[in-house]
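Visitor: would you be able to build a 3D model of this:
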Amino acid sequence: MRQRTIIIPTTLWTLVMQLVVGNCAATRCSSSCFLSSSALFSSVHGGRKVPLHQQFRLHSRNMMAYSNKHGSTGRRRVKDVLRPPLPPQTAVQGNKWAEEISPASLKQKFTQQPFQRVIPLITLVTFVGYVFVSPYAPGSVPNMLDSAVLKTVGGLTLNYFNVLPTLLPDLAPRFSPVMEGVFNLLLAYAALLSGFLVDGRQAADPASVNSDSPGGINFFFPFAAAGLALTNTAFLPYLILRPLHKVDKPVMQEEVPEIELKLGESKPLLSVYGVAGLYSIWWAFFGRPEFGGLTERWASFTDLVSSDRLMFAFSVEAVLYWIFQGWLVDDDMRRRAAVSEGVVPWIAKTVPFLGLFVYMLWRPPLLSQQSEEPGRQRG
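Guide: Down below sits the predicted model:
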């Protein structure tokens, strides 16, 4: 009976030591440790009941001796053993993100595509430095903690896509329709660029850059989401860091997660963004009739650009979107097995916003393994 009293806590300490010493060693010695510990306690203490703390100390020595003799992975902390391992897919995705922004990857990107990387980088540094830091740009340097700046940004955000001033003009914050139009045009630009979400698809297997699969990552997704608030300060970094692509075969719909198909390939959703952008342009010219006609609005625009740093930043960002809106068009066409030469791709690269909107409606959908074969041509 006394031996059972010793063996029962010994079994408990064996389970504990499986966590402390290591699963491999503790598993191999579990049965032998029961007997050896029991015999040790009985022989040393003459069969009398041993306090628990002494049992733990003696049993710990026994386990560590067995671990050193038979080899183990070494003593591990209990919290390291109890911490659940990352799922394989999550670990692979984390490694892929780290690889994309690693120094070796950046060196490869700038070496293979210097023009496509350096131009957005210079543009981003110049834009942020001149518009947000430099004292030479029109207006004072914006301070996001300033109450006037917070009031302007907050009010323009409430007038998102000019819905509130259109439906409830008495409740909407009152700003120049020119500023409201340019601000909402930037938001529509950022939303419409989500039509290039497939550009960020990367396979989980680094060796198969073009065999995109739902198990991989979408490098563009966080940049597209951040662009709804940060606009060009999110889009330009993506152009700098975007994955190297060798688009030598079309991307199939089955290879893209459903959420990305709904957000990036849905023509009705992209149409909403396009209409919102066109309405923002109309609003700048004709919204809020009390602000006068085209002459007065042009005078208001030039006055704001030359005196208000926020309006100056909005205007510069609209121009930057125009410059870079076509940088992803050629790769996007190749993923759809379509010829990039033609009128519409050229319009997408040259006509501000409207050209990009027309392209999103005109481009063919991604191929499906159950429907079309490659070789389509749109012109």
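
Visitor: show me where the stretch 151-300 of the chain has its helices.
Guide: Listed in chain order, the helices of the stretch 151-300 of the chain (DSSP state H, counting those that start in this stretch) span 163-167, 177-192, 221-230, 232-241, 258-264, 267-286, 294-307.

Visitor: report the angle between the third one and helix 232-241.
Guide: Pointing back at helix 221-230 there. 150 degrees (axes from the mean of the first three to the mean of the last three CA atoms, to 10 degrees).

Visitor: mind giving me the packing neighbours of helix 221-230?
Guide: On a contact count with 3 or more CB pairs under 8 Å, 6 or more residues apart in numbering; DSSP states H and E, helix 221-230 meets helix 177-192, helix 232-241. C-beta coordinates here come from the backbone N, C-alpha and C atoms, glycine included.

Visitor: buried deepest among the helices of the stretch 151-300 of the chain, which one?
Guide: helix 177-192 (a mean of 24; mean count of other CB atoms under 10 Å).

Visitor: C-alpha coordinates for it, CSV please?
Guide: Only the C-alpha atoms of helix 177-192 are listed here, as CSV (Å, rounded to 0.1, in the frame of the first residue of the first chain):
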residue,chain,number,x,y,z
PRO,A,177,-17.5,71.6,-53.4
VAL,A,178,-14.1,71.7,-55.2
MET,A,179,-12.3,70.3,-52.1
GLU,A,180,-15.1,67.8,-51.5
GLY,A,181,-14.9,66.6,-55.1
VAL,A,182,-11.1,66.2,-55.2
PHE,A,183,-11.1,64.4,-51.8
ASN,A,184,-13.7,61.9,-52.8
LEU,A,185,-12.1,61.4,-56.2
LEU,A,186,-9.0,60.2,-54.3
LEU,A,187,-11.1,57.7,-52.3
ALA,A,188,-12.7,56.4,-55.5
TYR,A,189,-9.3,56.1,-57.1
ALA,A,190,-8.0,54.0,-54.2
ALA,A,191,-11.1,51.8,-54.3
LEU,A,192,-11.0,51.3,-58.0
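
Visitor: sorry, back to before: could you export the helices and strands packed on helix 221-230 as a markdown table, including distance to residue 266?
Guide: Putting the helices and strands packed on helix 221-230 into a markdown table (distance: least, CB to CB, whole Å) gives the following:
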| stretch | distance to residue 266 |
| --- | --- |
| helix 177-192 | 12 |
| helix 232-241 | 20 |
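
Visitor: out of those helices, which comes closest to residue 273?
Guide: helix 177-192 (4.1 Å; CB to CB).

Visitor: can you tell which of the helices of the stretch 151-300 of the chain is closest to residue 117?
Guide: helix 232-241 (5.6 Å).

Visitor: which other helices and strands contact that closest one?
Guide: Right, helix 232-241 is packed against helix 114-127, helix 221-230, helix 309-324 by 3+ CB pairs under 8 Å, 6+ apart.

Visitor: please repeat the previous calculation with a cut-off of 10 Å.
Guide: helix 103-112, helix 114-127, helix 177-192, helix 221-230, helix 309-324 (3 or more CB pairs under 10 Å, 6 or more residues apart in numbering; DSSP states H and E).

Visitor: for residue 297, find the nearest of these.
Guide: Closest among the helices and strands packed on helix 232-241, using CB to CB: helix 177-192, at 5.6 Å.

Visitor: return the distance of residue 278 relative to residue 353.
Guide: Using CB to CB, to the nearest Å, one gets 8 Å for the distance from residue 278 to residue 353.

Visitor: for these two, list the residues in contact with both.
Guide: 185, 188 (CB atoms under 10 Å, 6 or more residues apart in numbering).

Visitor: point out where the stretch 101-250 of the chain drops to low pLDDT.
Guide: 144-145, 202-216, 246 (pLDDT under 70).

Visitor: so for residue 143, which of the helices and strands packed on helix 221-230 sits nearest?
Guide: helix 232-241 (17.0 Å).

Visitor: what angle do that closest one and helix 114-127 make?
Guide: Interaxial angle of helix 232-241 relative to helix 114-127 (the same axes, to 10 degrees): 150 degrees.

Visitor: please put the alpha-carbon coordinates of helix 232-241 into PDB.
Guide: Extracted C-alpha coordinates of helix 232-241, given in PDB (Å, rounded to 0.1, in the frame of the first residue of the first chain):
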ATOM      1  CA  ASN A 232      -0.900  57.300 -52.500                       C
ATOM      2  CA  THR A 233       1.200  56.800 -49.400                       C
ATOM      3  CA  ALA A 234      -0.100  53.200 -49.500                       C
ATOM      4  CA  PHE A 235      -0.200  52.700 -53.300                       C
ATOM      5  CA  LEU A 236       3.300  53.900 -54.100                       C
ATOM      6  CA  PRO A 237       5.000  51.600 -51.500                       C
ATOM      7  CA  TYR A 238       3.200  48.700 -53.100                       C
ATOM      8  CA  LEU A 239       4.600  49.600 -56.500                       C
ATOM      9  CA  ILE A 240       8.100  49.700 -54.800                       C
ATOM     10  CA  LEU A 241       7.700  46.400 -53.000                       C
END
